[in-house]
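Participant: Predicted structure and sequence below. I'll ask about it afterward.
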Amino acid sequence: MTSPSPDARRPVVIVDDVHVEYKVFATGKRPTAADRRSLNLRGRGKQMRTVHALKGVSFTAYENDSIGVIGTNGSGKSTLMRAIVGLTSTSRGAIYAQSRPSLLGVGAALMKDLSGDRNIILGGLAMGFTMEEIEENYDDIVSFAGLEKFIDLPMRAYSSGMTARLKFAIASVKTHEILIVDEALAVGDRTFRQRSEARIREIRDNAGTVFLVSHSMKSIKDTCSRVIWLDQGTLVMDGDPDEVIAAYNKAQDK
């Protein structure tokens, strides 16, 4: 079966010449070894410096797209995702979305002193679920996270992987039209990563659009139908996953 061309599908997110700049204070002079040892940077005269995190990024995402976002640390990946969600303001350009994008994660709502069971309720309510919807999805969340034997323990007893699995299970059970996943697949064992990738494909196949930020090229290839490569805030390449990843890897080998 031939996939429809992008132009035949509904645009869901339009990123139009987006720039993100923010200002930070700098000392204006590289610290000496003595300064670093003493942490004494006083008296050097702070200067305001502008960081240009995104530089004229433009692309259109369509329904059913699953878009991998790759690039080295500091390339602007998370800044772009936060701008799409609305957590970071654009300095220039504009972002248009068909519906409100969702950034995968309910971490701010979860409490380590409460049990996993209580946190499922708390996280579900934070995402807008009713108690009935939480009850309907409860068993699926616990099973997906693989926490059947630990769900009654306080989250402070969980490993970082167990915590991340629970967050993913709660957040991904909801139907999203536009979902942004930032490195969530980097946690957990192989079986959980496979379940996570399958869940993302399920969201995409239900007319959703997914952005996946990851350093795992395997996860990108297994999950995404398209890849965007950012470098120092600039969109370098946008296209077929194999082609973009091959070009990216070649650039890293230089």
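Facilitator: Here it is on my side, so go on.
Participant: what's the spacing between stretch 57-67 and its chain's center?
Facilitator: Distance of stretch 57-67 from the chain centroid (Cα atoms, centre = their mean, to the nearest Å) equals 14 Å.
Participant: swap in stretch 142-157?
Facilitator: Computed by Cα atoms, centre = their mean, the chain-centroid distance of stretch 142-157 equals 24 Å.
Participant: For it, which residues meet the burial criterion?
Facilitator: Buried residues in stretch 142-157, counted by 16 or more other Cβ atoms under 10 Å: V142, F144, A145, G146, L147, F150, I151, M155. C-beta coordinates here come from the backbone N, C-alpha and C atoms, glycine included.
Participant: wait, what's in contact with the fifth one?
Facilitator: The one in question is L147. G116, M162, R165, L166 (Cβ atoms under 8 Å, 6 or more residues apart in numbering).
Participant: Report the two members of the residues you listed separated by the largest distance.
Facilitator: G116 and R165 (10.1 Å; Cβ to Cβ).
Participant: Which neighbours do the two have in common?
Facilitator: By Cβ under 8 Å, 6+ apart, G116 and R165 have these common neighbours: A145, L147.
Participant: Look up how far L54 lies from N64.
Facilitator: Here the criterion is Cβ to Cβ, to the nearest Å. By it, N64 lies 25 Å from L54.
Participant: Low-confidence stretches in the chain?
Facilitator: Applying pLDDT under 70 to the chain flags the ranges 1-7, 26-46, 105-109, 183-188, 207.
Participant: please redo it, this time with the cut-off set to 80
Facilitator: 1-9, 24-49, 104-109, 175-176, 182-191, 193, 201, 203-207, 254 (pLDDT under 80).
Participant: All the strands of it, in order from the start?
Facilitator: 11-26, 47-62, 66-70, 92-97, 102-103, 178-182, 209-213, 226-231, 234-239 (DSSP state E).
Participant: Mind putting those strands into CSV with mean neighbour count and distance to A126?
Facilitator: Shown next, in CSV, are the strands of the chain (neighbours: other Cβ atoms under 10 Å; distance: least, Cβ to Cβ, whole Å):
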stretch, mean neighbour count, distance to A126
strand 11-26, 16, 24
strand 47-62, 16, 26
strand 66-70, 25, 25
strand 92-97, 14, 21
strand 102-103, 19, 12
strand 178-182, 24, 16
strand 209-213, 26, 21
strand 226-231, 22, 29
strand 234-239, 16, 33
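Participant: would you list these in JSON lines and tack on distance to Y138?
Facilitator: Output for the strands of the chain, formatted as JSON lines (distance: least, Cβ to Cβ, whole Å):
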{"stretch": "strand 11-26", "distance to Y138": "30"}
{"stretch": "strand 47-62", "distance to Y138": "32"}
{"stretch": "strand 66-70", "distance to Y138": "27"}
{"stretch": "strand 92-97", "distance to Y138": "30"}
{"stretch": "strand 102-103", "distance to Y138": "20"}
{"stretch": "strand 178-182", "distance to Y138": "21"}
{"stretch": "strand 209-213", "distance to Y138": "24"}
{"stretch": "strand 226-231", "distance to Y138": "34"}
{"stretch": "strand 234-239", "distance to Y138": "40"}
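Participant: E197: which of those strands is closest?
Facilitator: Nearest of the strands of the chain to E197, taken as Cβ to Cβ: strand 209-213 at 9.0 Å.
Participant: okay, now I141: neighbour count?
Facilitator: I141: 22 surrounding residues under other Cβ atoms under 10 Å.
Participant: so how far is D65 from it?
Facilitator: Counting by Cβ to Cβ, the gap from I141 to D65 is 26 Å.
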